[in-house]
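Student: Predicted model follows, preceded by the sequence.
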Amino acid sequence: MAFDEKHIRNFCIVAHIDHGKSTLADRMIEMTGVLTEREMQDQVLDNMDLERERGITIKSQAVRLIYKADDGEEYIFNLIDTPGHVDFNYEVSRSLAACDGAVLIVDAAQGVEAQTLANVYLALDHDLEVLPVINKIDLPSADPDEACREIEDVIGLDCENAPRISAKTGENVRDVLEAIIKYLPGPSGDPQKPLKALIFDSLYDSYRGVIVFFRVFDGSVKAGDRIRMMATGAVFDVVEVGYFGPGRFIPCDVLETGMVGYLTASIKDVKETRVGDTITLDETPCAEALPGYKQVHPMVYCGLYPADGAKYPDLRDALEKLQLNDAALQFEPETSQALGFGFRCGFLGLLHLDVIQERLEREYDLDLVTTAPSVVYKVFKTDGEVIELTNPSNLPDPAEIDHMEEPMVDAEIMVTSEFVGDIMKLCQERRGQYVSMEYVEKTRAVIKYIMPLNEIIYDFFDALKSRSRGYASFDYELRGYEKSDLVKLDILINREQVDALSFIVFEGTAYDRGRKMCEKLKEEIPRHLFEIPIQAAIGGKVIARETVKAYRKDVLAKCYGGDITRKKKLLEKQKEGKKRMRQVGNVEIPQEAFMSVLKLDEE
Amino acid sequence: MEETTENKRTETELYIHIPFCMKKCLYCDFPSGAYGSEIRRRYTKALMRELLYQAERMDDCEIATIYIGGGTPTWLEEKYMEKIIRTVYKYFHVSPDAEVTMECNPATAAEKTLSLYRSLGVNRLSIGLQSSDENELKTLGRVHSYGEFLNTFQYARNAGFDNINVDIMTGIPGQTPATLRKTLSDVTSLRPEHISCYSLIVEEGTPFYDLYEDDVKRREKGEPTVELPNEDQEYELGKIAQRYLAEHGYGQYEISNYARMGKACRHNIGYWKRVPYLGVGLGAASLLDNIRYTNSRDIYEYLSKVEADDFPIYKDAEAISRKGQMEEFMFLGLRMNEGVSRDDFEKTFGVSIDAMYGGVLSKLSADGLLLYSEGRVCLTELGADLSNYALSFFLFDEEI
């Protein structure tokens, strides 16, 4: 089973969302014969339920394939799948560090898209060789020549040798496998040197402890070795090493230079194996660690609370486990008068938040209350102190505030020409500062705006989609902070301020937001035995008000013997409704209401 | 069921369902329809077989009340109905002072038919009127006029019925306080012994639901409605009826039922007190030994089961747990104005009502929904208006 470096290829596939990355990965797995066709499930690599349902890849996964090439020799392919969405760039970056080359998929019908560029630049940052592949040539609207020209013009990659394939039908996929051998480099490293391996991912298994995913750069590692994590200094005895079969782990004797695989070492504490850390041997350590990953910074924060207060420790455990293979997730404990004990969590973006929330609910069976997301504001106090504010409730008294700054992003929106007007209008409404517009093609423009991040995190994606009938794609990058007139909008329900509903808003749109928030809450809050005023206030001054009327009549009038089962069902439904409520003062608020601020622009 | 050393039979109620109508009303979601004569013949035969099958098993029961409901029992051929009543009296132990009610719609029964039923043992007639306003009758899809009701009422009196109920309805689309007061004054001036006053419920699956779905949803949120009375109007109409009836000698004894002194419907009260009952016919439910049996609501399924002698023919049977019995004791008992008795609870379950429901009782009473004093627990007027909300608190978190 000894393979020299010439017969190993460590690579990933990068693409814009929906350009066919997972399909190509499936096809490659199929063609290399690791699995029989019967064993194939669609999208083998996406093994989380959530991923399959949404058709997106969230968590990077790796798989080892054996390919018998046209030259008659066998090659090991370590294929590392990467997510395509902008929120998950950091995951891509982690995967790339374990690779020597990248396959770039471009949709023959759609050409180069915003995330195609973003991912290519990431790959080039990591000094990877990039092999372009034109996919979806089976589509009637496919124009491979045009796609090639775009790649050459926009990215500057030579497309002369780019395979033109249909991952869906399998047409020409073998060309990709051959091209990988021909154009992508094998790993370089020294088998004689002490072990030097990079952790690029990990997960927690309740039986085996932490399972560490890594790439060997120098030396080798086998069961029984005593290893050391260079950053944390933790030392472990390796129990098992192995590589990745599709959807499962396959143990092996040793992982040598250039290989990608996993190890277990009875590691109980998730904090001791940091993604980006270097693994070496305890007795003969390597001279210096590999450069780790760039630490990523959350851009969006929100409060996560267990619906059942007793589940607080479970939520903490679940967050710790998720953080293990999701370095971008940050959290710290916080308390809310309305919601009790919970965590303030940081995310890369809204989709990231959404995915984490769903994973907590599904994989850890937690029922959560989420508060409205917030960005990080800088509060400059009159005494010179600067606070980084992640929770609106912690905003100091206005008298102590000199001024505030909010994060701005460089937003880039690619859209077909017919929607340019609508999209520009949307950006203006969201306080965008126009930068430029360029037509990349006759019918397609890239619009650039500088926008406040807090205008994007709520429902910008949805608004963008609906105003462009789904055609616009959007990418953004943090630009820095700008001074801004911001106020805290408080919500009072039945005359009591509900801390978890407060949010920071631009002064100019505060009135409008406050009014919409009251309207939304009026819809969400069920009627009670008494009238409930809902008020929006800034600094104690009420700017909007709605009322939930007391309900007067709720009777099942006719009810004869046979109706009793039905009657009971009706009462049960009523009772069930009460369970999903949070009691604030004497008002019961449904959990969904705490996310109301996200839905202010819905029709 | 009680154990007795004497030869005493268990008091039991009998419900007989007749699922036939001249035309189905637009709001009705009972198992009934305008079936043809062949189905009516087959159904009568099947019903008799079910009665005979059950009679054998009910030998230790004393039938204290009988309720022949529908549908429109008086729409069934006289000869069939006669057979049914005779069969019941022949094969069941019907108490000599049994209350025997039959439902009836105006213009479906001749005086001599009513006389016949009276002579066979039916001693209480329940007439579906709903409203004395012709437009409202049309809106509801009723097939009779107010004049026809007056005739039927007179026939019933002539036939010797001295215990008559009249059904009326509040919350009809287009109903105003004035039209409701007119209906109330028209009906009470006839001095029926009993008045059932229901508020119209728009049930899913009825033509009314298709017509008024949007209004129903608006009303749930307390928003203005287009055709149905809005929540405040509906509430007001209910209150008008409640007050009017009280002022005219009709005491409310249950959420929707009013009677002159001593004329409360015993059959009805039996349901709220969880007296055992046997239901026969389409969709009928029984409560026997704390098991609730329900027949199919599909007439063809019902017929084919009986005709194939596939007894027992019930479609569902649910054994009611001890906690389930407590829940029912409370949410059914509290529908009555007199509420439930603490002693009865303790006698039935061997545990005090406070031990099981102390927290709920004090919460609901603090909210002004419930009164609990000396020996009894009952809903307040507010509690009765919001009975679904109030009663839902008596369900336990999980079944045991």
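Tutor: Perfect, thanks for sending it.
Student: Tell me which residue in chain B sits closest to chain A.
Tutor: Chain B approaches chain A most closely through residue B:285 (3.6 Å), counting by Cβ to the nearest Cβ. Bear in mind the C-beta positions are built from the backbone N, C-alpha and C, glycine included.
Student: Number of residues surrounding that residue?
Tutor: Burial of residue B:285, expressed as a neighbour count using other Cβ atoms under 10 Å in any protein chain shown, amounts to 23.
Student: Surely it touches residue A:565?
Tutor: Yes - shown here, residue B:285 and residue A:565 form a contact pair, counting by Cβ atoms under 8 Å, at 7.5 Å.
Student: shared neighbours, those two?
Tutor: When contacts are counted by Cβ atoms under 8 Å, 6 or more residues apart in numbering or on different chains, the set common to residue B:285 and residue A:565 consists of B:292, B:294.
Student: Which positions in the stretch 1-150 of chain B make contact with chain A?
Tutor: B:15, B:69 (Cβ under 8 Å from any Cβ of the partner chain).
Student: Need the pLDDT of the residue lying closest to residue B:61 once chain neighbours are set aside.
Tutor: By the measure of Cβ to Cβ, 6 or more residues apart in numbering or on different chains, the closest residue to residue B:61 outside its immediate chain neighbours is residue B:12, 4.0 Å from it. Reading off the per-residue confidence, residue B:12 sits at a pLDDT of 96.
Student: What of residue A:418?
Tutor: Model confidence at residue A:418, given as pLDDT, is 86.
Student: My assumption is that it lies in a helix; please confirm.
Tutor: Yes - per DSSP: H, G, I helix; E, B strand; the rest coil, residue A:418 lies within a helix segment.
Student: could I have the strand or helix carrying residue B:327 exported to PDB, CA atoms only?
Tutor: Assigned by DSSP states H and E, residue B:327 belongs to helix B:322-333. Coordinates of each C-alpha in helix B:322-333 appear next as PDB, following Å, rounded to 0.1, in the frame of the first residue of the first chain:
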ATOM      1  CA  ARG B 322     -57.600   7.600  35.400                       C
ATOM      2  CA  LYS B 323     -56.100  11.000  34.600                       C
ATOM      3  CA  GLY B 324     -58.100  11.200  31.400                       C
ATOM      4  CA  GLN B 325     -61.200  10.500  33.500                       C
ATOM      5  CA  MET B 326     -60.300  13.300  35.900                       C
ATOM      6  CA  GLU B 327     -59.700  15.700  32.900                       C
ATOM      7  CA  GLU B 328     -63.100  14.900  31.500                       C
ATOM      8  CA  PHE B 329     -64.800  15.100  34.900                       C
ATOM      9  CA  MET B 330     -63.500  18.700  35.100                       C
ATOM     10  CA  PHE B 331     -63.900  20.000  31.500                       C
ATOM     11  CA  LEU B 332     -67.300  18.400  31.000                       C
ATOM     12  CA  GLY B 333     -68.600  19.100  34.500                       C
END
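Student: Name the residues of that helix that come out as buried.
Tutor: Along helix B:322-333, these residues count as buried under the neighbour rule (16 or more other Cβ atoms under 10 Å in any protein chain shown): B:323-324, B:326-333.
Student: Next one, pLDDT for the closest residue to residue A:116 other than its chain neighbours please.
Tutor: Among residues not flanking residue A:116 along the chain, residue A:16 sits closest, at 4.5 Å (Cβ to Cβ, 6+ apart). At residue A:16 the predicted local distance difference test score is 77.
Student: And the longest helix seen in chain A, what does it pack against?
Tutor: In chain A, taking DSSP state H as the definition, the longest helix is helix A:507-524. Secondary-structure packing of helix A:507-524 (3 or more Cβ pairs under 8 Å, 6 or more residues apart in numbering or on different chains; DSSP states H and E): strand A:486-493, strand A:532-538, strand A:541-548.
Student: Pull the CA coordinates from the last one and hand them back as PDB.
Tutor: Backbone C-alpha positions of strand A:541-548 (Å, rounded to 0.1, in the frame of the first residue of the first chain) are rendered in PDB as follows:
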ATOM      1  CA  LYS A 541     -40.100  58.300  24.500                       C
ATOM      2  CA  VAL A 542     -42.800  56.200  22.900                       C
ATOM      3  CA  ILE A 543     -42.700  56.500  19.100                       C
ATOM      4  CA  ALA A 544     -45.200  53.800  18.100                       C
ATOM      5  CA  ARG A 545     -48.000  51.800  19.700                       C
ATOM      6  CA  GLU A 546     -50.300  48.900  18.900                       C
ATOM      7  CA  THR A 547     -52.800  47.000  21.000                       C
ATOM      8  CA  VAL A 548     -53.500  43.400  21.300                       C
END
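Student: Tell me how many other residues surround the residue nearest to residue A:116.
Tutor: Around residue A:16 there are 24 other residues, counting by other Cβ under 10 Å.
Student: Quickly find the element holding residue A:9.
Tutor: strand A:8-15.
Student: Partner strands of that strand and their direction?
Tutor: Strand A:8-15 sits in its sheet next to strand A:74-81 (parallel), strand A:101-107 (parallel), going by DSSP bridges.
Student: Which pLDDT value belongs to the residue nearest to the spatial centre of chain A?
Tutor: Central residue check for chain A by Cα atoms, centre = their mean: the C-alpha nearest the mean position is that of residue A:352, 3.3 Å away. Looking at residue A:352, its pLDDT stands at 79.
Student: Can you get me a residue count around the residue of the stretch 251-400 of chain A found nearest chain B?
Tutor: When distances are taken as Cβ to the nearest Cβ, the stretch 251-400 of chain A reaches nearest to chain B at residue A:308, 12.6 Å away. Residue neighbour count, defined by other Cβ under 10 Å, stands at 14 for residue A:308.
Student: Who are the contact partners of it?
Tutor: Neighbour list for residue A:308: residue A:367 [criterion: Cβ under 8 Å, 6+ apart].
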